[in-house]
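**Student:** Give me coordinates for this.
(one chain, ligands or ions: 1)
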Amino acid sequence: MATAPDQPVVVLDRAGPMPLLGLGTWQMTGARCQAAVRSALEVGYRHLDTAAMYRNERDVGRAVRDSGVPREQVFVTTKLPPGDAGRERRTLDNSLRALDMDYVDLWLVHWPPRDRALVPTWKELLAVREEGLARAVGVSNYSIAQLDGLTTATGEAPQVNQIPWAPSRYDAAVLAEHRRRGVVLEGYSPFKNTDLRHPVLTELAARHGVTPAQVVLRWHLDHEVVVIPKSATPERIATNFDVFGFSLSAEELGRIDGLSRTRRRR
Ligand SMILES: NC(=O)c1ccc[n+]([C@@H]2O[C@H](COP(=O)([O-])OP(=O)(O)OC[C@H]3O[C@@H](n4cnc5c(N)ncnc54)[C@H](OP(=O)(O)O)[C@@H]3O)[C@@H](O)[C@H]2O)c1
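**Tutor:** Below is the predicted model:
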């Protein structure tokens with residue numbers, strides 16, 4: 001069994017530590033998904049991001065079991081499809097059955113449902129958390145105004161908001177607004193929205209003896225933003241996790257932040 005390395009985490013109220021670096025699993029199903037998750041757990045990942053909509057919860061659950069890593073050492077996120085607003089509990093039961101797990105560490109509303117369902121859906125997530133079926137609950141693709149709407153209605157802010165994030169999308173105000181509300185910003189699609197040949201990234205990569213992809217991941221960690229790169233390639237799964245041996249200076253972070261102004265794309 002792989003031993004869990006010392007890796008950076010953000011501590012969620014009531015749910016405990018959430019590793020800042022996890023494996024994304026969108027667009028992987030079946031044996032390919034199982035192999036990727038196994039390979040991630042072997043190199044030390046302890047955070048997996050799935051969703052009912054990805055149709056791979058069964059594969060993720062099986063890979064965790066096959067890995068021999070104890071369930072409680074892995075932080076597992078799944079998500080409620082917005083079309084299942086109104087059927088929250090049944091949907092989570094199905095996800096837990098597919099994962100073959102008693103609880104998930106984090107359950108997110110995948111996208112905002114229609115306006116009048118926003119608050120009732122959030123109340124259902126809070127109820128499920130009280131039952132212990134999800135250790136923490138949050139949302140994905142919500143605006144700051146939508147976060148505030150939930151907090152005003154229930155007195156409880158989502159613990160996490162999973163949104164697209166990458167150097168090209170860096171927005172200091174959005175990050176600060178999440179922090180001010182105590183909402184953890186979890187970024188998705190770190191590479192799809194990044195030009196890995198951008199000279200700033202290649203220069204910093206050469207300086208640190210790493211790849212531009214590792215610089216992008218390290219930039220998330222140094223901003224204390226959760227990042228969940230997806231890869232089906234064992235070598236990339238391993239190098240994407242090999243980012244704890246260096247860090248970026250404030251000046252280097254600032255240069256990467258600045259890529260949001262130049263917006264060069266692949
Ligand atoms: N909440 C939401 O609405 C939402 C939306 C999108 C994504 N997500 C989550 O976020 C995760 C990550 O986002 P994503 O899958 O959209 O995109 P991503 O992680 O930014 O990019 C994945 C792509 O990058 C490639 N890649 C991985 N490591 C690389 C490396 N070191 N160098 C170069 N290329 C590399 C992968 O190729 P190979 O697989 O061939 O290695 C794949 O084509 C998803 O899997 C999902 O869990 C959530």
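**Student:** Trp107: helix or strand, and which one exactly?
**Tutor:** Applying DSSP states H and E as the criterion places Trp107 in strand 104-109.
**Student:** where's the helix or strand just after that strand relative to the chain centroid, distance-wise?
**Tutor:** Going down the chain from strand 104-109, the next helix or strand is helix 118-131, by DSSP H and E. In terms of Cα atoms, centre = their mean, to the nearest Å, the centre of helix 118-131 is set 20 Å apart from its chain centre.
**Student:** Can you check what angle separates helix 118-131 from strand 104-109?
**Tutor:** 170 degrees (axes from the mean of the first three to the mean of the last three Cα atoms, to 10 degrees).
**Student:** Buried residues, helix 118-131. List them.
**Tutor:** Leu118, Thr121, Trp122, Glu124, Leu125, Leu126, Val128, Arg129 (16 or more other Cβ atoms under 10 Å). To be clear about C-beta, it is placed using only N, CA and C from the backbone, and glycine gets the same treatment.
**Student:** What values do phi and psi take at the residue of the stretch 1-150 of the chain found nearest the ligand?
**Tutor:** The nearest approach of the stretch 1-150 of the chain to the ligand comes at Gly24, 2.4 Å away (Cβ to the nearest ligand atom). Main-chain dihedrals, Gly24, degrees, to the nearest 10: phi -80, psi 150.
**Student:** The closest residue to it other than its chain neighbours and the ligand: what is the separation?
**Tutor:** Leaving aside its chain neighbours, Gly24 sits nearest to Lys230 (3.3 Å; criterion: Cβ to Cβ, 6 or more residues apart in numbering). According to Cβ to the nearest ligand atom, to the nearest Å, Lys230 and the ligand sit 3 Å apart.
**Student:** Now do the same contact list for Lys230.
**Tutor:** Leu23, Gly24, Thr25, Trp26, Gln27, Met28 (Cβ atoms under 8 Å, 6 or more residues apart in numbering).
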